[in-house]
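> Okay, predicted coordinates and the sequence, questions at the end:
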Amino acid sequence: MSKRRVVITGLGAITPVGGNMAESWKSAVEGLSGIAPITRFDASLFATKIAGEVKTFDAEKYFEAKEVKKVDLFTQYAVGATDEAIKQSGFGDATYERHRMGCIMGVGIGGLTTLEKYHEAYLQGGPRKISPFLIPAMIANLAPGNVAIKYNLKGINYTVTSACTSATHAIGESYRMIANGSHDLMVTGGSESAVTPIGIGGFCALKAMSTRNEEPTKASRPFDKDRDGFVLGEGAVMLILEEYEGAKKRGANILAEVVGYGVSCDAYHITAPSTDGEGAQRCMIEALADAKLSPADITYVNAHGTSTPANDLSETMAIKQVFGNHAKNGLLVSSTKSVTGHLLGAAGAIEAAYSVMSLVDGVVPPTINLDNPDEGCDLDYVPHTARKAEVKRVMSNSYGFGGTNASLVFAKV
């Protein structure tokens with residue numbers, strides 16, 4: 001059986017830079033940072049006091065008031081972003097059988113807010129203070145579970161948890177399921193809400209985050225020699241993937257096509273990437289092979305670009321190895337984490353959505369705060385200002401703790 005074509009018909013977003021996809025994309029293109037002092041809790045004792053928090057969100061738009069307290073924030077974000085994506089896709093016009101419509105989501109950590117809340121309750125009042133909603137609210141697979149219940153999706157349903165590669169894996173596996181014929185429509189993407197004392201404290205203990213607390217909007221600075229770590233973000237971004245002929249038949253507005261997916265593992269270190277970017281190279285090569293494209297066919301790479309010393313140089317080296325002469329002669333590369341911060345399990349989803357929008361609008365979003373590129377970081381990272389371009393094919397990269405890597409390739413239809 002030949003591989004079926006897979007297209008994207010809807011996008012939805014709740015992010016540090018916007019309450020929907022249009023706002024989130026506009027902020028990325030305009031280089032408007034969503035990083036600010038933490039308001040969710042008192043961060044005064046932490047080395048890092050800044051994050052990319054979701055600024056405005058009303059859970060009661062998607063859940064009854066009495067149900068909100070039973071659902072962790074990451075699931076609330078997931079349902080909110082799904083609602084927007086489904087509305088854009090014209091989901092109600094789909095005639096697919098319900099058991100051939102599924103949901104796979106990337107969630108890196110899950111319900112830290114709920115876990116911390118009830119741990120505190122336990123310490124104060126013992127086991128009787130632990131809510132029966134603790135486990136259903138906290139566990140990662142209840143994000144796609146709640147989405148499936150709300151929208152009657154009776155096909156495959158699970159969560160991918162692979163650190164910062166979670167959402168890219170989720171989108172890639174959803175693509176495969178449609179391409180191989182087992183499903184016709186997939187709701188996919190990622191969600192995360194880890195701006196909590198334990199979330200911030202854990203990454204501070206790793207010394208992985210920026211401490212540029214006095215200049216929050218300048219803290220995330222991928223590829224810059226003065227970068228000092230990533231900035232934690234939160235939110236959810238969801239995509240609707242469909243089989244091409246079915247989407248075309250129902251008159252769906254097709255935004256782009258998923259044409260390639262590659263995966264690999266560094267098998268090197270629990271937190272650091274391999275120094276030569278070998279694993280990153282392999283997943284990019286595999287994605288290109290799956291898409292039946294050459295490196296020169298890619299216009300733009302949305303880089304993982306975390307603003308950490310190790311990642312940015314390693315990824316740059318990998319891109320140069322894979323793309324050869326094209327890396328410095330026409331290839332555009334940028335990191336939108338400079339605007340949004342790092343959404344962990346949802347990072348691959350927002351970056352996939354930005355990749356799709358670059359195809360739709362013919363615009364490459366910038367890498368802001370790139371004032372002085374570090375030694376070895378010598379590609380065209382589209383510094384400071386977005387660039388109009390004839391964007392035909394885009395690669396989006398994600399790499400995570402444990403050496404897990406994935407790349408997606410999107411194309412204009």
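Received it, and whenever you're ready, just let me know what you need. Numbers count the residues shown, from 1 in each chain.
> and the spatially closest residue to residue 100 that is not a sequence neighbour, how many neighbours?
In this structure, residue 100 finds its nearest non-sequential neighbour in residue 184, 4.5 Å apart by CB to CB, 6 or more residues apart in numbering. Backbone N, C-alpha and C define where each C-beta goes, glycine included. Neighbourhood size, residue 184 [other CB atoms under 10 Å]: 23.
> Distance check, residue 184 against residue 95.
Taking CB to CB, to the nearest Å as the measure, residue 184 falls 9 Å from residue 95.
> got it, and residue 291?
With the distance defined as CB to CB, residue 291 ends up 29 Å from residue 95.
> By residue count, which helix of the chain is the longest?
If each helix of the chain is counted by residues according to DSSP state H, the longest one is helix 73-89.
> what about it, average pLDDT?
Per-residue pLDDT values over helix 73-89 give a mean of 97.
> Tell me the first helix or strand C-terminal of it.
Read in the C-terminal direction, the helix or strand following helix 73-89 is strand 101-106, with elements assigned using DSSP states H and E.
> Can you tell me which helices and strands the next helix or strand after that following strand packs against?
Using DSSP H and E, the next helix or strand after strand 101-106 towards the C-terminus is helix 112-125. Helix 112-125 is packed against helix 134-138, helix 197-205, with contacts defined by 3 or more CB pairs under 8 Å, 6 or more residues apart in numbering; DSSP states H and E.
> neighbour-wise, which of residue 291 and residue 95 wins?
When residue 291 is set against residue 95 and neighbours are counted by other CB under 10 Å, the residue ahead is residue 291, at 23 against 8.
> Find the residue closest to the more buried one in space, skipping its chain neighbours.
What sits nearest to residue 291 in space, not counting adjacent residues and going by CB to CB, 6+ apart, is residue 260, at 3.0 Å.
> Can I take it that the one you found is in a helix?
No: Residue 260 sits outside any helix when classified using DSSP: H, G, I helix; E, B strand; the rest coil, being strand.
> Bridged to it, which residues?
Listed by DSSP bridges, the beta-bridge partners for residue 260 are residue 409.
> Compute the number of surrounding residues for the residue nearest to residue 63 when sequence neighbours are not counted.
Across the structure, with CB to CB, 6+ apart as the measure, the residue nearest residue 63 apart from its sequence neighbours is residue 71 (6.2 Å). Neighbourhood size, residue 71 [other CB under 10 Å]: 22.
> which phi and psi does residue 71 have?
Its backbone dihedrals place residue 71 at phi -130, psi 130, with angles given as degrees, to the nearest 10.
> can you check residue 36 too?
The phi/psi pair for residue 36 (degrees, to the nearest 10) reads phi -160, psi 170.
> where's it relative to residue 219, distance?
10 Å.
> Among those two, which residue is more densely surrounded?
For residue 36 and residue 219, the more surrounded residue by other CB under 10 Å is residue 219, and the numbers stand at 28 against 16.
> was I right about the more buried one contacting residue 35?
Yes: contact criterion CB atoms under 8 Å: residue 219 and residue 35 qualify, at 5.6 Å.
> any common contacting residues for the two?
The contact sets of residue 219 and residue 35 overlap at 50, 231 (CB atoms under 8 Å, 6 or more residues apart in numbering).
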